[in-house]
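Colleague: Give me a 3D structure for the following:
(2 chains)
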Number of protein chains: 2
Amino acid sequence: MYSSTNPPSLESNTRSAPEFRQDPVTGQWVVIAVDRAQRPQASIDAVADSNGDPNCPFCRGQEHETPPAVAVYPGDCPQGLPHDWQLRVVPNLYPALSRHGDPITAGETRESPILAHGWHEVVIESPDHLQRLTELPPDQVALVLQAYQDRFRVYAEDPMMRCAIAFKNCGRDAGMSLEHIHSQLVAFPFIPSVLAAELAGAEAFQARSGGCVYCHLAENEIRQQVRLVQQTDHFLAICPYASRVPFEIWVLPRDHQARFERLAANLRHELAHLLWDVLRRLEESLAHPAYNYVVHTCPFDTRSEDHYHWHFEIIPRIAHLAGLEWGTGVYVNIVSPEAAAHALRSA
Amino acid sequence: MYSSTNPPSLESNTRSAPEFRQDPVTGQWVVIAVDRAQRPQASIDAVADSNGDPNCPFCRGQEHETPPAVAVYPGDCPQGLPHDWQLRVVPNLYPALSRHGDPITAGETRESPILAHGWHEVVIESPDHLQRLTELPPDQVALVLQAYQDRFRVYAEDPMMRCAIAFKNCGRDAGMSLEHIHSQLVAFPFIPSVLAAELAGAEAFQARSGGCVYCHLAENEIRQQVRLVQQTDHFLAICPYASRVPFEIWVLPRDHQARFERLAANLRHELAHLLWDVLRRLEESLAHPAYNYVVHTCPFDTRSEDHYHWHFEIIPRIAHLAGLEWGTGVYVNIVSPEAAAHALRSA
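Modeller: Here you go, the predicted structure:
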């Protein structure tokens, strides 16, 4: 029987940096990253010990277990002790993309391997061994958002990078491998298909209607109220009209803003409180489900700025995708977003 | 806490036939099918009783538990007893698409709900309470393939339908809800995004190179041998170059053929044996993993016939998709297809 931790001899000859591969039919990008099979797998079932886990590489005091931090947000200890940090960003020890890859020419289709060039970093969201964003005070959530913004600005300086996303895997069913609270940042030298579809749709809407499709839908959802989960002065949370999975949630600014990294500090705090509240409602509604969230922001070039609009997508992972979704891309969702929003408002 | 079997009052007012919804940004199609929350959920963990399960609606003698069959392939009992069948095709009792939906105009983007018009049928692959295709004799697998072909031909006669796929969900992690061996057939009034991407890529390849991209890759894989799992006179099984998940496998004809439904009876038997053998190798390599397969065949109109090429895609479900895949569409695969094909050849 095949074991990924004991690969056949062929694999051991080819293990190395991650590779980009592009499907010769669809152009779909894939990363072959065999070293990631060696990642430690912590159990989500283990009871979290908020005083720290001696084996957890992300806990306070274990800083030597990760690659050196690329950004550290210090704690409030006036002496600045070495372990006094609130948040650290470190390179991913098992990266899906490597800082030493090959250049990609835009639009090129290649059948030979390309060393996957990009950034893949981990945001350690607390020195304490917590698991869920709702265990953090909302001010700490704001610091997490600030770290995303700061790193996005760094990636944008890399002339080979075209865009970046932030994402969180919460719970094993969502692909989490270490339980200590963290999220991840990735920068790509191409526009991935999901972002490309959003950009193309937003551009087509603007050509047709002269405005931003996200602004248009935000206005509609606030007026109709049926899919609205929560709103603040500057943001709203909705269950989107064509929700792919039960309790899918989008969080976006009410007014047009292309780049998440441009969000001002005072609005970052407002957003952090909203995000915290929405995740609490989700956890209460579905008994702490596994979920992913992703932050979509405008690519680094400026051509999409007037029609693209940053947003969070929160994807609860309570339903298994089936052959229909894999084979067609058509999602069958057994909970209407209207019912989900109603349940979330009541939570 | 929200429960899908006890939905909030809002839901009970809106429960009805499934609805198509199209994402206003990307055009992505979604089906909101709240009645599917009522599906029975059998346990894969229960030990299969090959003499039949008295509660299984798909077992011999329980034919009254399904909607009337739309196709029955009789057994070899000369008296033709009522329960003497080898394979039945029945409408899905909890359909994602309904025979009484709304027409869709090609290319139209609508924000208001559309009753999801289409076909959704179940192929009950044996009267016995088996779970895996490899438990069937290869001749019975050939009958399953024949049923797909026969139904595809029926759907093609419906002027509102544009294409169809067949798929199997094997194991709970693959979205299976009833363990009795079965697969499903769906016909759509639009071209779903996954098929559309393949058609567009195949058309672009033909414009560039004058041939069929699948013929080209079949020839390459047979020549290179490194990603080849198995071959017969007319078919090959490969781990595709840009495999999205560990042990992804494609099965396709070596010579150009756009439509699965045109496959001749003698080749159907050859294919059934190959499919059976490849699934056995997969089960042996990964200890009976959950998996999906999908059959992609040319849309019902003829314009893609010279560049599209039918194929099976087998997707083992041993890895959870994470936020990176959801947020970007870029798959990170920790097993190279070269290593997977090597393991499958050795199994």
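
Colleague: Just the strands from chain A, written as ranges.
Modeller: In chain A, the segments counted as strands under DSSP state E are A:19-22, A:29-32, A:71-74, A:85-91, A:114-115, A:119-124, A:163-170, A:182-188, A:228-231, A:235-238, A:249-253, A:291-296, A:311-316, A:331-333.

Colleague: Redo the ones you listed as CSV? Include distance to chain B, mean neighbour count and mean pLDDT.
Modeller: Any C-beta I mention is one placed from the backbone N, CA and C, and that applies to glycine too. Listed next are the strands of chain A as CSV, based on distance: least, Cβ to the nearest Cβ, whole Å; neighbours: other Cβ atoms under 10 Å in any protein chain shown; pLDDT from 0 to 100:
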stretch, distance to chain B, mean neighbour count, mean pLDDT
strand A:19-22, 4, 23, 84
strand A:29-32, 4, 24, 87
strand A:71-74, 20, 15, 94
strand A:85-91, 16, 20, 96
strand A:114-115, 11, 16, 83
strand A:119-124, 9, 24, 97
strand A:163-170, 3, 26, 98
strand A:182-188, 6, 24, 97
strand A:228-231, 13, 20, 98
strand A:235-238, 12, 25, 98
strand A:249-253, 10, 24, 98
strand A:291-296, 3, 25, 98
strand A:311-316, 5, 23, 98
strand A:331-333, 4, 25, 93
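
Colleague: Compare those and give me the one nearest residue B:62.
Modeller: strand A:331-333 (25.3 Å; Cβ to Cβ).

Colleague: Which residues of the stretch 101-250 of chain A lie near chain B?
Modeller: A:111, A:165, A:167-169, A:172-176, A:184, A:186, A:188, A:192-195, A:197-198, A:200-202, A:205, A:213-214, A:216-217, A:240-244, A:246-247 (Cβ under 8 Å from any Cβ of the partner chain).

Colleague: So which of these belong to helices?
Modeller: A:193-195, A:197-198, A:200-202, A:205, A:213-214, A:216-217 (DSSP state H).

Colleague: Which pair of the residues you listed spans the longest distance?
Modeller: A:193 and A:216 (23.5 Å).

Colleague: Contacts for the longest helix along chain A, please.
Modeller: Across chain A, the helix with the greatest residue count (assigned by DSSP H) is helix A:265-286. Outside helix A:265-286, the residues that touch it by Cβ atoms under 8 Å, 6 or more residues apart in numbering or on different chains are A:132-134, A:136, A:138-139, A:141-142, A:144-146, A:149, A:229-230, A:232-235, A:237, A:247, A:249, A:251, A:253, A:263, A:289, A:291, A:312, A:314, A:316, A:318, A:340, A:343-345, A:347, B:1-2.

Colleague: Report the buried residues of that helix.
Modeller: Residues of helix A:265-286 classed as buried: A:267-279, A:281-286 (neighbour count, 16 or more other Cβ atoms under 10 Å in any protein chain shown).

Colleague: avg pLDDT for it?
Modeller: Mean pLDDT, helix A:265-286: 97.

Colleague: chain center to that helix, what's the gap?
Modeller: Relative to the chain's own centre, helix A:265-286 is displaced by 15 Å; criterion: Cα atoms, centre = their mean, to the nearest Å.

Colleague: ditto for stretch A:249-266
Modeller: 15 Å.

Colleague: Same question for stretch A:127-135.
Modeller: 17 Å.

Colleague: Could you tell me the end-to-end distance of that stretch?
Modeller: Length of stretch A:127-135, first residue to last, Cα to Cα, to the nearest Å: 13 Å.

Colleague: what comes up buried for it?
Modeller: So stretch A:127-135, judged by 16+ other Cβ under 10 Å, has buried residues A:127, A:128, A:129, A:130, A:131, A:132, A:133, A:134.

Colleague: Averaged pLDDT, it. What do you get?
Modeller: Per-residue scores along stretch A:127-135 average to 96.

Colleague: hang on, the earlier thing: kindly reformat the ones in helices among the residues of the stretch 101-250 of chain A next to chain B as a markdown table containing neighbour count and pLDDT.
Modeller: A markdown table is the format used below for these (neighbours: other Cβ atoms under 10 Å in any protein chain shown; pLDDT from 0 to 100):
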| residue | neighbour count | pLDDT |
| --- | --- | --- |
| A:193 | 17 | 93 |
| A:194 | 20 | 94 |
| A:195 | 26 | 96 |
| A:197 | 19 | 94 |
| A:198 | 23 | 96 |
| A:200 | 15 | 95 |
| A:201 | 20 | 94 |
| A:202 | 23 | 96 |
| A:205 | 21 | 95 |
| A:213 | 23 | 95 |
| A:214 | 25 | 96 |
| A:216 | 16 | 95 |
| A:217 | 23 | 94 |
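
Colleague: Just list the residues touching residue A:83, thanks.
Modeller: A:60, A:61, A:63, A:127.

Colleague: I'd like to know how many residues surround residue A:262.
Modeller: 15 (other Cβ atoms under 10 Å in any protein chain shown).

Colleague: about what we covered before: can you dump the C-alpha coordinates of the longest helix of chain A into PDB?
Modeller: Provided in PDB are the C-alpha atoms of helix A:265-286 (Å, rounded to 0.1, in the frame of the first residue of the first chain):
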ATOM      1  CA  ALA A 265      -6.700  51.700  10.900                       C
ATOM      2  CA  ASN A 266     -10.000  52.900  12.300                       C
ATOM      3  CA  LEU A 267     -12.000  50.900   9.700                       C
ATOM      4  CA  ARG A 268      -9.800  47.900  10.400                       C
ATOM      5  CA  HIS A 269     -11.100  47.900  13.900                       C
ATOM      6  CA  GLU A 270     -14.700  48.100  12.800                       C
ATOM      7  CA  LEU A 271     -14.100  45.300  10.400                       C
ATOM      8  CA  ALA A 272     -12.400  43.200  13.000                       C
ATOM      9  CA  HIS A 273     -15.400  43.500  15.300                       C
ATOM     10  CA  LEU A 274     -17.800  42.600  12.500                       C
ATOM     11  CA  LEU A 275     -15.700  39.600  11.400                       C
ATOM     12  CA  TRP A 276     -15.500  38.400  15.100                       C
ATOM     13  CA  ASP A 277     -19.200  38.800  15.500                       C
ATOM     14  CA  VAL A 278     -20.100  37.000  12.200                       C
ATOM     15  CA  LEU A 279     -17.700  34.000  13.100                       C
ATOM     16  CA  ARG A 280     -19.300  33.800  16.600                       C
ATOM     17  CA  ARG A 281     -22.800  33.600  14.900                       C
ATOM     18  CA  LEU A 282     -21.500  30.900  12.500                       C
ATOM     19  CA  GLU A 283     -20.000  28.900  15.400                       C
ATOM     20  CA  GLU A 284     -23.200  29.200  17.400                       C
ATOM     21  CA  SER A 285     -25.400  28.300  14.400                       C
ATOM     22  CA  LEU A 286     -23.500  25.200  13.300                       C
END
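
Colleague: coming back round to it: nearest to chain B among the buried residues of stretch A:127-135?
Modeller: residue A:133 (13.1 Å; Cβ to the nearest Cβ).

Colleague: shouldn't the closest one be in contact with residue A:182?
Modeller: No - Residue A:133 lies out of contact with residue A:182 (Cβ atoms under 8 Å); the separation is 10.3 Å.

Colleague: Just to check, residue A:23 is in contact with residue B:194?
Modeller: No - taking contacts as Cβ under 8 Å, residue A:23 lies outside contact range of residue B:194: 11.4 Å.

Colleague: and the residue nearest to the spatial centre of chain A, what does it touch?
Modeller: In chain A, the centroid-proximal residue (Cα atoms, centre = their mean) is residue A:167; its distance is 1.1 Å. Residues counted as contacts of residue A:167 (Cβ under 8 Å, 6+ apart) are A:183, A:184, A:186, A:292, A:293, A:294, A:295, B:322, B:323, B:324, B:326, B:327.

Colleague: if you set the cut-off to 10 Å instead, what comes out?
Modeller: Listed by Cβ atoms under 10 Å, 6 or more residues apart in numbering or on different chains, the contact set of residue A:167 reads A:174-175, A:183-186, A:292-296, A:312-313, A:315, B:322-328.

Colleague: go on, residue A:319?
Modeller: Contacts of residue A:319 (Cβ under 10 Å, 6+ apart): A:173, A:244-247, A:325, A:331-335, B:4, B:175.
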